[in-house]
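Undergrad: Model the following, please.
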Amino acid sequence: ELVSRGAPSHEVASVVETDVGLTCAVVRAAGQLQGGGRIRSVPDAVERLGPGAAEAIIRSAPAYDIFNGDGRLALQPDRFRLHSLAVQRAADRVAEMTGFSDRDELALASVLHDIGRPVLARLHPGYAERFDRRAATPNDRIEAERKELGIDHALVGGVLTRRWGMHGRIAEAIEKH
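TA: Model prediction:
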């Protein structure tokens, strides 16, 4: 609705950023455009796409039903989404308190900080059960991934976001988790 009525890109972005899947779809599509440089934020991606393309991508993005899951997903999408949004809110609060100015860039990096996890979960059956230990710290999980898989979700996320055409600063923040 926002796109079709011509809302500014930051308004559309604020809705897109509430969904990790939509964020991925929008920034990935914008990153594939020729001659546009690297994507720095969701508002940047929405602007580069333009209203027609942004609306088409948003409408075509697949959805899942949290009440009717079939158990085939390697990670729980609702839990993954809520964690990503909580990290995004916490990062924004820290940015506000410290005067950090690139808050749109930070919003994108923080919402996608774990984007390598679904990749590893798809490649390695049982990933969620092995690495989602509630008692472990994030660093413990990354070390366990490196030890058992030879790679970790932060590095995978950095590589993935670079391939999607995101700015190196964002990919590096994701790599550093």
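Undergrad: CA atoms for contacts and neighbours, from now on please.
TA: Noted.
Undergrad: Residue ranges in the protein under the pLDDT threshold?
TA: 36, 64-75, 133-135 (pLDDT under 70).
Undergrad: what's in contact with the top helix by length along it?
TA: Among the segments of the chain that qualify as a helix by DSSP state H, the longest is helix 77-98. Where contact means Cα atoms under 8 Å, 6 or more residues apart in numbering, the residues beyond helix 77-98 that reach it are 18-20, 66, 101, 103, 106-107, 110-114.
Undergrad: In contact with the most centrally placed residue in the chain, which residues?
TA: Taking Cα atoms, centre = their mean as the criterion, L112 is the residue nearest the geometric centre of the chain, at 2.6 Å. Under the criterion of Cα under 8 Å, 6+ apart, the contact list for L112 reads V20, S84, G157, I174.
Undergrad: And these, which two are furthest apart?
TA: Within these, V20 and I174 form the most distant pair, 14.2 Å apart (Cα to Cα).
Undergrad: The two: which is more packed in?
TA: I174 (27 against 20; other Cα atoms under 10 Å).
Undergrad: would you say the more buried one is within a strand?
TA: No. Under DSSP: H, G, I helix; E, B strand; the rest coil, I174 falls outside any strand and is assigned helix.
Undergrad: wouldn't it be in contact with A109 here?
TA: Yes. Taking Cα atoms under 8 Å as the definition, I174 is a contact partner of A109 at 6.0 Å.
Undergrad: just so I have it, where are all the helices in the chain?
TA: If you assign secondary structure with DSSP H, the helices in the chain sit at 9-16, 20-31, 42-60, 77-98, 103-111, 116-123, 127-131, 138-149, 153-163, 168-175.
Undergrad: Distance to E1 for those helices - can I get that in TSV?
TA: Compiled in TSV, those are given as follows (distance: least, Cα to Cα, whole Å):
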stretch	distance to E1
helix 9-16	9
helix 20-31	15
helix 42-60	9
helix 77-98	22
helix 103-111	22
helix 116-123	29
helix 127-131	36
helix 138-149	38
helix 153-163	28
helix 168-175	29
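Undergrad: What's the separation between the residue nearest to the centre of the chain and V42?
TA: Computed as Cα to Cα, to the nearest Å, the L112 to V42 distance reads 11 Å.
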